[in-house]
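Student: missing the sequence, but the structure's below:
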């Protein structure tokens with residue numbers, strides 16, 4: 001595995017950790033000023049303030065199951081747990097999260113519910129890019 005792929009994995013794992021902690025300050029430090037988003041509710045570009053609002057609305061905790069990475073792209077197969085305001089579970093499901101990392105920051109983030117093929121199409125990755133080690 002080359003250095004770029006290693007850094008991509010580290011940054012994506014860090015981003016998920018800070019997102020799960022709802023730590024906007026630390027999350028912003030590993031997120032580009034303009035983050036391109038794609039997901040079930042559409043596409044767009046958001047800034048750090050809007051990232052915080054998005055995190056609150058989603059109220060989502062992600063647990064990584066598998067990682068696929070090469071270069072600046074990574075796809076994380078994850079269990080998503082959506083929470084109510086009182087932290088009770090609203091729902092769960094398998095999601096595929098695509099990250100593009102540049103200069104140690106997440107510049108693109110996409111979530112596809114139950115759709116690994118779409119995640120691979122967007123990222124240019126495949127099953128051959130699976131990282132054999134367990135998530136850190």
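Tutor: Arrived safely, thanks for sending. All of these numbers come straight from a predicted model, not from anything done at the bench. Numbering: from 1, shown residues only.

Student: Which strand in the protein has the most residues?
Tutor: Scanning the chain for the longest strand, with DSSP state E as the assignment, gives strand 89-102.

Student: what's the distance between the top helix by length along the chain and the middle of its chain?
Tutor: For the chain, the helix reaching the highest residue count under DSSP state H is reported as helix 3-21. For helix 3-21, the distance between its averaged C-alpha position and the chain's averaged C-alpha position is 8 Å (C-alpha atoms, centre = their mean, to the nearest Å).

Student: what does the following helix or strand past that helix contact?
Tutor: Downstream of helix 3-21, the first helix or strand assigned by DSSP states H and E is helix 24-29. Residues external to helix 24-29 that are found in contact with it (C-beta atoms under 8 Å, 6 or more residues apart in numbering): 15, 18-19, 48, 51-52, 55. All C-beta spots, glycine's among them, are computed from the backbone N, C-alpha and C.

Student: What of stretch 15-23?
Tutor: Taking C-beta under 8 Å, 6+ apart as the criterion, the residues outside stretch 15-23 that touch it are 26-27, 30-31, 55-56, 60-62, 64, 76, 78, 97, 99, 106.

Student: quick one: the residue lying farthest from the centre of the chain and residue 31, what's the gap?
Tutor: For the chain, the C-alpha lying farthest from the average C-alpha position belongs to residue 86; by C-alpha atoms, centre = their mean, that distance is 23.7 Å. Residue 86 sits 27 Å away from residue 31, taking C-beta to C-beta, to the nearest Å as the criterion.

Student: do residue 98 as well
Tutor: Taken as C-beta to C-beta, the span from residue 98 to residue 31 is 15 Å.

Student: Now the worst-scoring helix or strand of the chain on mean pLDDT: buried residues?
Tutor: Using mean pLDDT, DSSP states H and E, the weakest-scoring helix or strand in the chain turns out to be helix 48-58, at a mean of 90. Buried positions in helix 48-58, judged by neighbour count with 16 or more other C-beta atoms under 10 Å: 48, 51-52, 54-55, 58.

Student: Give me the distance between the residue nearest to residue 130 when sequence neighbours are not counted and residue 85.
Tutor: In this structure, residue 130 finds its nearest non-sequential neighbour in residue 68, 5.2 Å apart by C-beta to C-beta, 6 or more residues apart in numbering. Distance, residue 68 to residue 85, using C-beta to C-beta: 33 Å.
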